[in-house]
Each structure stands twice: as structure tokens, then as C-alpha cells.
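In: The following comprises the amino acid sequence and a computationally predicted model.
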Amino acid sequence: MLNILLFGPPGSGKGTQSKLLIQHYGLKHLSTGDILRKEIAEQTPLGRIAQHYIDKGELVPDEVVISIIEEMFAEKNLKGFVFDGFPRTVAQAKALDSMLIGIKKTICIMIVLQVSEDELIKRLLNRAKIEGRKDDELSIIENRIKVYQNQTAPVLDYYKAQGKVFIVNGMQPEEAVFKEICYNIDNFSQCK
Ligand code: ADP
């Protein structure tokens, strides 16, 4: 199983690159942000809980997000996952690791998309005009970046300790970023 963790701040291009990756390697895309937005659109009980946090640019509680992921693991015969926007806390990373151990699998590689803060804000404000996401508003974007630095960045050290982290320059054109990601996966994945 090829399990790829795509990591980076909001606006770093994880969604865009995930789509290219699932096509190229035949994987399943697992975006907690997409799943949570779907729950909100369908006004499910889980969606109502999530909305409260997402609207403020805060993280949805770990147990809520972890339960979503657990459900996805029930699927059989998968080639692997692209994890996009998960894990976002060290607690989520530990939960993910134990779920994977349970099925005798592992995270094969973590790709970090590096983009400057100015560029992130520019991209998200631009996305707001196109997609109209409520959390793409300047004060909320700034909070999301702060939450990333405080709560999510520690996840990097967690996987660095496992020797799985590879950094890619996310300021390049989309195709160049993709090429660099594939190069790292093809040469440095810990799963053969
Ligand atoms: P972005 O990467 O641009 O912030 P996402 O779609 O990944 O966008 O996430 C949007 C929001 O959904 C986050 O700000 C957060 O509130 C919530 N969310 C998504 N994934 C998680 C997660 N793994 N843990 C907690 N909250 C999450």
C-alpha cells in the first residue's frame, strides 16, 4: 500500500497536488476538509459540530476527525491513500499510526509543500473570489495560519523522527511541484 501524507499550510496547494497524485498512482484521496464541508452542506449532526470550528478557522476536535478516518479504513482492496489535511495534530498522527499498524501498514512518505506566508494569503484571498469559501476571509485566514504554526507544525517533527519527511518548493508552477513530489515518492518512499 502506498500511503502518502501531503502536508503544508492552508493554501500551499495540497488539494491541487492530491488530485494529480491520486490519478498518477491510483490512490484514494482522503481530505478531512472536503469530508467536513460535505457534512456541513448536508447539515448532518457531525456537520453542525464541525461548522462551529471551521467558521472561526479553528481545528475540529481530534475525536471527531479521527472517527471519520476510521470509517474510511473499512474499505478493502485499496492501493493506498493520499492524506490531505490530516493529521493536523500530533494526537491525530498517533491515532493514524495505530490504525495503520492495525492493518500492518504504514505511512510511506510525508511531502511538505513550502510556500511563503505572503503567497499563502494571496492564494486564499484569490480562492475566496472563485469558490466563495467562508473561511477564506482575511482575519480567518490569518487565524488558520497561526493554528497551523502552533498545532499542526509539530506533526512535522513527529514524522521527521521516523525519517519520512521530504520538503518540496511549493512556489513553483503546478507541474514542476508535481514532478518534484513524484521524484521524492519514487526514490524515497519507505514502502516497496
Ligand atoms: P486548508 O488546508 O486550506 O485550511 P482544509 O479544507 O484542509 O483547508 O480545512 C478547512 C478547515 O477544516 C480547517 O481550518 C479545520 O477547521 C477543518 N479541518 C480539516 N481537517 C482537519 C483535521 N484533520 N483536524 C481538525 N480540523 C480539520
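Out: Received the coordinates, thanks.
In: Stretch 10-30: which residues count as buried?
Out: By neighbour count with 16 or more other CB atoms under 10 Å, stretch 10-30 contains the buried residues 10-15, 17-18, 20-22, 27, 29-30. No exception for glycine: its C-beta is placed from N, CA and C like everyone else's.
In: Rebuild those as JSON lines, extending it with distance to S98 and secondary structure.
Out: Formatted as JSON lines, the buried residues of stretch 10-30 follow (distance: CB to CB, whole Å; DSSP: H, G, I helix; E, B strand; the rest coil):
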{"residue": "P10", "distance to S98": "27", "secondary structure": "coil"}
{"residue": "G11", "distance to S98": "30", "secondary structure": "coil"}
{"residue": "S12", "distance to S98": "27", "secondary structure": "coil"}
{"residue": "G13", "distance to S98": "29", "secondary structure": "coil"}
{"residue": "K14", "distance to S98": "24", "secondary structure": "helix"}
{"residue": "G15", "distance to S98": "27", "secondary structure": "helix"}
{"residue": "Q17", "distance to S98": "27", "secondary structure": "helix"}
{"residue": "S18", "distance to S98": "24", "secondary structure": "helix"}
{"residue": "L20", "distance to S98": "29", "secondary structure": "helix"}
{"residue": "L21", "distance to S98": "24", "secondary structure": "helix"}
{"residue": "I22", "distance to S98": "25", "secondary structure": "helix"}
{"residue": "L27", "distance to S98": "21", "secondary structure": "coil"}
{"residue": "H29", "distance to S98": "22", "secondary structure": "strand"}
{"residue": "L30", "distance to S98": "17", "secondary structure": "strand"}
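In: pretty sure L120 contacts I145?
Out: Yes - judged on CB atoms under 8 Å, L120 makes contact with I145 at a distance of 6.5 Å.
In: among the buried residues of stretch 10-30, which are in reach of the ligand?
Out: Contacts with the ligand within the buried residues of stretch 10-30, as defined by CB under 6 Å from any ligand atom: P10, G11.
In: Return the member of the buried residues of stretch 10-30 nearest to the ligand.
Out: P10 (3.2 Å; CB to the nearest ligand atom).
In: nearest spatial neighbour of that closest one, skipping sequence neighbours?
Out: Leaving aside its chain neighbours, P10 sits nearest to R144 (4.7 Å; criterion: CB to CB, 6 or more residues apart in numbering).
In: Good, wrapping up.
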